[in-house]
Each structure stands twice: as C-alpha cells, then as structure tokens.
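Visitor: Everything below, folded, please.
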Amino acid sequence: MYLILIAITICTYIAWLFLNRRGKPPGPLGLPLIGYLPFIDPEKPYETLLKLAEKYGPIFSLQMGQVYTVVLTDQTLLRDALKREELTGRAPLFVTHGIMGGHGIICAEGNLWRDQRRLSIEWLRKMGMTKFGLARTTLEKRILASIEELVQDLEKESTKVLAFDPAPFLHHILGNLMNDLVFGIKYERDDETWRYLQHLQEEGVKHIGVSMAVNFLPFLRHLPSSKNVIEFLLNGKAKTHKIYDSIIEQRRKELPENSDSEANTPENDCILSNFVQEARRREAANRPEQAFCSDTQLRHVLADLFGAGVDTTFSTLRWIILLVALNKNVQKKLREELSSQLERAPTLDDVNQLPYLKACVAEAQRLRTVVPVGIPHGAVSETTIAGYKIPKNTMILPLLWAVHMNPKLWSDPGTFNPSRFLDDLGQYAAPSYFMPFQTGKRMCLGDELARMILYLYTARLFWHFELDVCNRDSIDLTGICGITLTPPTYDIIFTKGSLC
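Guide: Now for the predicted structure:
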C-alpha cells in the first residue's frame, strides 16, 4: 500500500513538473523541494551551469530551492534581457530580501533603486568619474596618492623579505581610497575599527555567494551549520551600521547647513556628504522622495558602494598582478610599451597611448571574470525571453563566465593572451561580447571609476617594479568563488626597476 502511495506521489510530482514547465525554457528536473541545488558545485557553480548550457542551450531553467531560475549564456540574449525594465528587479533571495531588506542599491528595486542609482551616478561624476574636466583631475590625484603610498609600502617590505603576499598592502591602500571616496575618511593600517571592517568584508563575501543554500531555502537558516553564518552576517551588519552611525553623525556636524552641494567642495567630495546634503534639501522642500534618503537607506548605500567598489577592484587587481607576473613575455611587452611611450610615471592622459596596458587589464577581466555567474536579476512582471515564458519573481542569472570562455567567441579561451584585445594596427579593441561590468540597466554604476583605478594601479606597479611569482608551477588558477572569484594566495618578488 505504501509503495503504491509513493509511486502515485512521484508520478503526480513528475506530471506537475512537466505541466508547470510548459512554455518555459528547458532544463533539468531536480528533486522535490530542493530542486537542482544538490547538483551544483558550490566551489565552481559557474562550471556546473556551463555544462547545463552545453546540454540545454543558451537559455535554460532550473529550480533552485524555492527560486525558479533562468540562466542566460548567450551574449545577444543577455544584452537584450538586461536592458528591459521588467527584469530590473532583484531575485527573491534570502540575503537581498531577508537580511538586507531591499535597502541600498544592490538589493533595492523599483523607484527606490532608480532614485538612488541616479543620485549615486551624479555624485560619482561630480567627484570626477568623467572622461575630462577639473573634477577628473582631482579624482586622479586622489587615486595616484594612494598608489604612491602602495609603492612605498611594497618597496619597504621588499627590503625586509625576498617575497611576500601583496594582498594585505593592496587591501589596505585600495580600501582606504574607497573610504576616502565614500566616507571622506582614512584609517591607519593598525586601526582596530579598520581591521575589523576588513575582516568582515573578507569573510562576508565568502558567505553571500549565489550558491549559498540559505538564499534558496530560507528554513535552512535554523540549522546549526547555517545558523552561525547567518548570525555572523546579521551581527556584522549591526556592528558595521553602528560604526557608520558615528561617522555619519560626525559628518553632519561638520557640514554647514547651507553648503552648496552642487559645487565641488571639501564638504561634498565623498558619497556621504552628498547624501546628507541631498537629504537636507529634500526635507527642506518637503519632497515625497525624502523617504528614499532615510538613515537606514544611507547605511546600506554606504555599505554597498564601499563593499562593491573594494571587493571587485581588489580581486581584479590581484588577478592582473598574478597573471602578468606569471607570463614573463606579457610583462616584458607591457614594460617595454611603458618605457617606449613615456618618460615619467603614467597618468590617465597616457592610457590611450598604452593599448597593451588596456589589453592586459581586459584579458585578466575576461579570463577570470570577477563575478562569473553575474549579479542575479529578478523579473518584476511576467515577460518572455527568446519566446519562452518568464514568470514574475524568476531569478535571471547572466552567466558571464559562459560568454567570456566561449571558444566560438575567443580563440583558446583558457589562455592568458592580451593580444586578443588588439586590432591589426595594434590598437585596443574590445568586442561587444566583452562585459566585465555586466550590461543593461543594472550594470556596474562605477565602471569608469574602476577603469581609472585598474589602469593607473597596473601601469604604475609595472612602471616601478618587475614582478616574479614564487612557486609559480604550483599556483592553482581556478580561483575561490564567493560573491567574487578571487585568486589563491601567492607571494611575489618585487624587483625595483623604475622605467624612467
């Protein structure tokens, strides 16, 4: 009798699955309740999804716990889908909705997201994230000052030991650059608060990955194995916001009530100051959207812009250093370009005459896409993609890894070859299917700032040093996948050799 009931239940479930999938993209069936989650490699989820794409095609679907998911692996489909308004939502994940509450920019959607994204882009441009202008020069000086500090730290450390891991130095310097741009403050290296914030960021990005099961099965947060992780995230969020509150309060005291926030002055040369001024203007005018500038929203915006800015850029720079140092011919060609084109350390005005520099940065971004599964989108209403029905609340995964590692688009895609980004005349040329900052309405809002940092840091590091990797034959280039794909720990020999 029990066997008959089990058989009937299984048959009913399978029949329901087939009926429910009618008109939707093809894909694996998975298991009841948990879907396909057990079959996704938590360490390399992008490779699992890539294998499914090879079987089911450029658009496929799967059930990930409670979240119905559609994966896009074709560059044309991806660009078309992510520019649509109906796909600008955030996937119904526990982290975005349960922990972050839909606040900030990364986890927000609808009018809140549109308002805060527009403001953030305006502020970044006013601070210098532009192609030209006085503000750009000021921003460049801030970036170059951080690089000079990094170079000095690396020179000093290289006199003590033959080889060392540059990551802690880079994390401190780059993190302080973002502290300056977001909060208008900087920390000393051994500052207790700063050390805590760095630790929290390093650990946090390991836990908030798209493969985190609690995202898709929220009830798992009550299990001992997941409870500690969730408590870490919640406690970290609370402690971080408490630190932010003290910074916010101090900044409010420092800012004059009638400061002209449209001018590029010290009172608004960071995100925090601009936000405070905007909130004051909205409150004074009693504008309805003043609710979008609440203290809760402010804390999350600060965390988003700082965290996203540091984590992605930090990981990318570590990949660039490792990949160029491992490939001696590439490094030689890069340093030869720098020495032949310049008589002094490179600046942003020099970048366009350094096509191989741009190619090295681009190739590192392609080969080790920093967010290989892309940032998940959510369908705010029912729509169609490639003729398939996409229900409301579907999670859309733009699998950038599949695009950047597609052998039909890139010859020998697993090889580090910057020359693929050079045309027949030796000039930098990036194809439309190169999407390091994703694409569409929710693409990275700080892409221009990231390019400034990546170009200047890379150019100046290889201007001042010749790099070599210790134990190069044992380096595993697979990477460690959390929110971002980070390189393994590695030690570098920095040989001082300025090209001037």
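
Visitor: and the residue lying closest to Gly497 once chain neighbours are set aside, helix, strand or coil?
Guide: If the residues on either side of it in the chain are set aside, Gly497 comes closest to Glu466, at 4.9 Å by C-beta to C-beta, 6 or more residues apart in numbering. C-betas here are computed from N, CA, C, even on glycine. Recorded secondary structure, Glu466: strand (DSSP: H, G, I helix; E, B strand; the rest coil).

Visitor: Surely Glu466 touches Lys328?
Guide: No - contact criterion C-beta atoms under 8 Å: Glu466 and Lys328 do not qualify, at 9.5 Å.

Visitor: for the residue nearest the centre of the chain, what are its contacts?
Guide: Taking C-alpha atoms, centre = their mean, the centroid of the chain lies closest to Thr312, which sits 4.1 Å from it. Thr312 makes contact with 370-371, 444, 450, 484 under the criterion C-beta atoms under 8 Å, 6 or more residues apart in numbering.

Visitor: mind listing which of these are in helices?
Guide: Ala450 (DSSP state H).

Visitor: will you turn the contacts of Thr312 into CSV that also has distance to Glu249 and pLDDT?
Guide: What follows is those, written out as CSV (distance: C-beta to C-beta, whole Å; pLDDT from 0 to 100):
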residue, distance to Glu249, pLDDT
Val370, 34, 95
Val371, 34, 94
Cys444, 30, 95
Ala450, 30, 97
Thr484, 32, 90
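
Visitor: Looking at the contacts of Thr312, which is nearest Leu233?
Guide: Thr484 (16.5 Å; C-beta to C-beta).

Visitor: Number of residues surrounding the closest one?
Guide: Counted with other C-beta atoms under 10 Å, residues neighbouring Thr484 total 22.

Visitor: Pro407 now?
Guide: Neighbours around Pro407, by other C-beta under 10 Å: 9.

Visitor: cool, the one 10 residues further on as well?
Guide: Around Asn417 there are 17 other residues, counting by other C-beta under 10 Å.

Visitor: need the contact list for it.
Guide: Contacts of Asn417 by C-beta under 8 Å, 6+ apart are Glu363.

Visitor: and if you look at Pro92?
Guide: Contacts of Pro92 by C-beta under 8 Å, 6+ apart are 66-67, 378, 393, 395.

Visitor: and those as a markdown table, adding pLDDT?
Guide: Formatted as a markdown table, these follow (pLDDT from 0 to 100):
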| residue | pLDDT |
| --- | --- |
| Gln66 | 92 |
| Val67 | 95 |
| Gly378 | 96 |
| Asn393 | 95 |
| Met395 | 96 |
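
Visitor: so which of these is the most crowded?
Guide: Met395 (23 neighbours).

Visitor: Please report phi then psi for that one.
Guide: phi -90, psi 130 (degrees, to the nearest 10).

Visitor: if I read this right, it contacts Gln66, doesn't it?
Guide: No - assessed by C-beta under 8 Å, Met395 is found out of contact with Gln66, at 10.3 Å.

Visitor: And the helix or strand where Glu337 lies, what's buried?
Guide: Glu337 belongs to helix 328-341 when assigned by DSSP states H and E. Using 16 or more other C-beta atoms under 10 Å as the test for burial, helix 328-341 gives 330-331, 333-335, 337-338.

Visitor: just stretch 459-473 next, same as before
Guide: 459-469.

Visitor: now the helices: where do they sit in the stretch 51-200 of the chain?
Guide: 75-82, 110-126, 134-158, 167-182, 192-207 (DSSP state H, counting those that start in this stretch).

Visitor: Let me have these in TSV, adding distance to Glu343 and mean neighbour count as columns.
Guide: Below are these laid out as TSV (distance: least, C-beta to C-beta, whole Å; neighbours: other C-beta atoms under 10 Å):
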stretch	distance to Glu343	mean neighbour count
helix 75-82	41	20
helix 110-126	32	17
helix 134-158	17	17
helix 167-182	26	21
helix 192-207	37	16
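
Visitor: nearest to Ser432, of these?
Guide: Among the helices of the stretch 51-200 of the chain, the nearest to Ser432 by C-beta to C-beta is helix 75-82 (7.2 Å).

Visitor: where's the closest one relative to the chain centroid, distance-wise?
Guide: 19 Å (C-alpha atoms, centre = their mean, to the nearest Å).
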